[in-house]
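test case, fold it:
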Amino acid sequence: MRKITFSIQVLHLLQSLKTQEKNFSNFILVVVSFLTQQPPTISGGPLIGDYEFAQIHFHWGANNAEGSENTINNNSYPLEAHAVFFQQAYGSFQEAIEHPDGLTVLAFLFQVSDIDNENYGSITEVLPQLKEPFANTAIDDFPPLEKLIAQETSVYYFYGGSLTTPPCNEAVTWIEFTNTVPLGQKQIEIFRQLKGEHGKPIHNFRPVQPLHGRTIRMNDGVYPSSSSGNVCTPYISLPLLCLLSNFRYVE
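Just a heads-up that it's a prediction; the model follows:
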């Protein structure tokens, strides 16, 4: 198995911004509007060009044995975050989804911790205000993006994927990090208290889908970057269709 090394660079982090968190009846979406001219961008790794941050949303299940839309070594996780970016060269999210390299999603898996993750405190503190569908609330002290993701990001899998709803654009480069983000059990339980439009708790993860011949490549952060990346591994299962397209964006 040959591996490759890519370094993903966060060029600008979330510092000066205002946010809203919304319950869209089947998922929680954090909408960000920026108070500066420089929104957060990422580059490097398998990406060509700079990608601009659009939003971050979460998926979870009814218990700690399910909730993530991706599995590694057949292991599921209780919660998963998707940070969605669009290719800046296309000017907007709406234009980017029309191109095969238009979007990238950084996916982070969460592991149950005995203690709360203080970086997520400002998010979990307002979640009780979103128990009912279509509720929204402001987050006063939204943390920098780097505080919400895994501390070690050199090891990841990546592959080409698509949107989940028609026209199911093949526009997404999925990047799944193997290192997890700790989150307290009580914090995870707060997500599980949220309700959808029928009054039932939200369990909004999509079951893992067959790969259908897609190639999964791995970056292990060790091998020289000149190594070719022709890696297909049986140890990770990824959904073909993970990204919900019916979001509202603040540009």
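
all strands of the stretch 101-250 of the chain, in order?
Defined through DSSP state E, counting those that start in this stretch, the strands belonging to the stretch 101-250 of the chain, from first to last, are 103-113, 136-139, 156-163, 172-177, 181-184, 217-219, 236-237, 241-243.

need these in a markdown table (columns: mean neighbour count).
From N, CA and C alone the C-beta is placed, and that goes for glycine too. Rendered in a markdown table, the data for the strands of the stretch 101-250 of the chain read as follows (neighbours: other CB atoms under 10 Å):
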| stretch | mean neighbour count |
| --- | --- |
| strand 103-113 | 22 |
| strand 136-139 | 15 |
| strand 156-163 | 21 |
| strand 172-177 | 24 |
| strand 181-184 | 20 |
| strand 217-219 | 23 |
| strand 236-237 | 19 |
| strand 241-243 | 21 |
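
dump those into JSON lines; add mean pLDDT and distance to F85 as well.
What follows is the strands of the stretch 101-250 of the chain, written out as JSON lines (pLDDT from 0 to 100; distance: least, CB to CB, whole Å):
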{"stretch": "strand 103-113", "mean pLDDT": "95", "distance to F85": "5"}
{"stretch": "strand 136-139", "mean pLDDT": "79", "distance to F85": "20"}
{"stretch": "strand 156-163", "mean pLDDT": "84", "distance to F85": "13"}
{"stretch": "strand 172-177", "mean pLDDT": "92", "distance to F85": "9"}
{"stretch": "strand 181-184", "mean pLDDT": "98", "distance to F85": "18"}
{"stretch": "strand 217-219", "mean pLDDT": "88", "distance to F85": "17"}
{"stretch": "strand 236-237", "mean pLDDT": "36", "distance to F85": "21"}
{"stretch": "strand 241-243", "mean pLDDT": "28", "distance to F85": "11"}
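
how about low-confidence regions in the stretch 151-251 of the chain?
Under the criterion pLDDT under 70, the flagged ranges of the stretch 151-251 of the chain are 163-168, 222-251.

can you rerun that using 90?
151-155, 159-170, 193-251 (pLDDT under 90).

would you reformat the strands of the stretch 101-250 of the chain as a markdown table and include distance to G49?
Below are the strands of the stretch 101-250 of the chain laid out as a markdown table (distance: least, CB to CB, whole Å):
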| stretch | distance to G49 |
| --- | --- |
| strand 103-113 | 10 |
| strand 136-139 | 30 |
| strand 156-163 | 15 |
| strand 172-177 | 11 |
| strand 181-184 | 27 |
| strand 217-219 | 18 |
| strand 236-237 | 26 |
| strand 241-243 | 19 |
